[in-house]
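Peer 1: using only what follows, build the 3D model:
(one chain, ligands or ions: 1)
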Amino acid sequence: MFYKVVISCFKHQKFFDETCEMCKKEYFLVKGLEEKAKQLYEKLFLYYLKTLNNEKDASSKAKSIITKQCQIRNMQPWNWI
Ligand SMILES: [Zn+2]
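Peer 2: Reported below is the predicted structural model:
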């Protein structure tokens, strides 16, 4: 579902340097994780929509699960959460 280790560039911590190999790796990893998180959100949302029969509740339930997953992995949740 998520990668256990998040690669992080030590030289550029506040921004991604396009010429830096480590930054590029970090960028694609984060991008990949975000895609995975969005797919997971969709699945969870549809699942809870069926059970709860309420779009708002299903959405907040799905988001709270992803937020928890991020916290377990010491990751900052995405801005769409
Ligand atoms: Zn870098």
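Peer 1: flag every residue of this structure that's near the ion.
Peer 2: By the rule C-beta under 5 Å from the ion, the part of the chain lying against the ion is Cys9, Lys11, His12, Asp17, Cys20, Met22, Cys23. For the C-beta atoms, the positions are set from N, CA and C on the backbone; glycine is no exception.
Peer 1: all strands of the chain, in order?
Peer 2: For the chain, strands defined by DSSP state E do not occur.
Peer 1: pLDDT (mean, whole number) over the lengthiest helix in it?
Peer 2: Using DSSP state H to define each element, the chain has its longest helix at helix 21-52. Averaged across helix 21-52, the pLDDT comes to 92.
Peer 1: so which elements touch it?
Peer 2: Contact partners of helix 21-52 among helices and strands, from 3 or more C-beta pairs under 8 Å, 6 or more residues apart in numbering; DSSP states H and E: helix 55-72.
Peer 1: list the buried residues of the helix it packs on.
Peer 2: Buried positions in helix 55-72, judged by neighbour count with 16 or more other C-beta atoms under 10 Å: Ala58, Ser59, Lys61, Ala62, Lys63, Ile66, Cys70.
Peer 1: again with stretch 30-38
Peer 2: Neighbour counts over stretch 30-38 (16+ other C-beta under 10 Å) mark Val30, Leu33, Ala37 as buried.
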